[in-house]
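>>> What shape does this take:
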Amino acid sequence: MIGLIKGQLLHTEPPAHLIVNVQGVGYEIEVPTSVFFELPAVNKDIELIIHHLVREDASILYGFRSFSQRQLFRTLLKVNGIGAKSALAVLSTMSSAEFARVINDQDISAITQVPGIGKKTAQRLMIEMKDKVDLSELSDPTKTAQPARLGVQAEAISALQSLGFKPQEARHIVHKIHKDNKDLAVEDIVRMSLKQQGGH
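Prediction:
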C-alpha cells in the first residue's frame, strides 16, 4: 500500500485532482479543496500523505497535507453513509481541528453545510464520530493558521452557492480568480464570478 508520495507536481485540475511525477511515474491523486488551494506551482516539489483505496474496479489515491487529515478521512469512511466523496467534502469545508470542535459541540448545523450531507447523515455522523474520534489528536496546533488562509475563498464559495452555483462550479471559479488575484476581498471575488458567468 502507498502511504506517502514525494515528487514533482505535474498537473492540476480544479477542484481536487492532481498528478505527481515520481521518477517518471505519474500518480493521479484526489485531494480536499483545502489542500488544492495550498498546492505549489506546477513543476515544484510536493509531498503528500496518502490513503490508498483499493476496490474491485479501481485503485484510488487520496492525498493530505498532514497525518491528522488522513486520520480524519479514514475515520469518516467508517461512518455508515459516508463515502470518499463526502469525506473529502468534510475536509474541504473545515480543518481537522475545526471538525473536532464541531463534534465536541454537537453542532449539526455546521455539518449540514458540507455539500452532500443532509440532516439525518449529520446526526448519524455526530453519534458515530463521538465514539470513534480522539478529539485531542485531531486538534493539531501546527495547523491553526490554515483556516485564515482559506477564509476568503471559503466565504466566496459559500456566497456563490447561496446564489445558485453548484458546489463544484463555485469552487472551480473561485480558485481560478483567487489564483490570479490573491488580494481580492470576498465581495470582489463574488462580483467577478457573477460577471464571468454572465450574471448567473
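
>>> how deep is residue 87 tucked in, by neighbour count?
Taking other CB atoms under 10 Å as the neighbour definition, residue 87 ends up with a count of 22. The way it works is simple: take the backbone N, C-alpha and C, and place the C-beta from them, glycine included.

>>> roughly how far is the host helix or strand of it from the heart of the chain?
Here residue 87 is covered by helix 84-93, with elements defined by DSSP states H and E. Its chain's average C-alpha position is 6 Å from that of helix 84-93, according to CA atoms, centre = their mean, to the nearest Å.

>>> which helices and strands does that helix pack with?
Contact here means 3 or more CB pairs under 8 Å, 6 or more residues apart in numbering; DSSP states H and E; on that basis helix 84-93 packs against helix 33-36, strand 59-64, helix 67-77.

>>> neighbours around the closest residue in space to residue 152 that isn't next to it in sequence, how many?
Sequence neighbours aside, residue 186 is the residue nearest to residue 152 in space, at 5.6 Å (criterion: CB to CB, 6 or more residues apart in numbering). Other residues near residue 186 come to 17 when the count uses other CB under 10 Å.

>>> Quick one: closest of the helices and strands packed on helix 84-93 to residue 178.
Nearest to residue 178 among the helices and strands packed on helix 84-93 is helix 33-36; the distance by CB to CB comes to 11.3 Å.

>>> after the closest one, next one along is what?
Counting by DSSP H and E, the next helix or strand C-terminal to helix 33-36 is strand 45-54.

>>> which outside residues touch stretch 33-43?
Under the criterion CB atoms under 8 Å, 6 or more residues apart in numbering, residues 8-12, 14-16, 18, 46, 48, 63-65, 69, 91-92, 95, 146, 149-150, 153, 171, 175, 178 lie in contact with stretch 33-43.

>>> if you set the cut-off to 6 Å instead, what comes out?
Outside of stretch 33-43, the residues within contact range by CB atoms under 6 Å, 6 or more residues apart in numbering are 9, 15, 16, 46, 65, 92, 150, 153, 171.

>>> Tell me the one of those nearest residue 108?
When the contacts of stretch 33-43 are compared for distance to residue 108 (CB to CB), residue 92 wins out at 18.7 Å.
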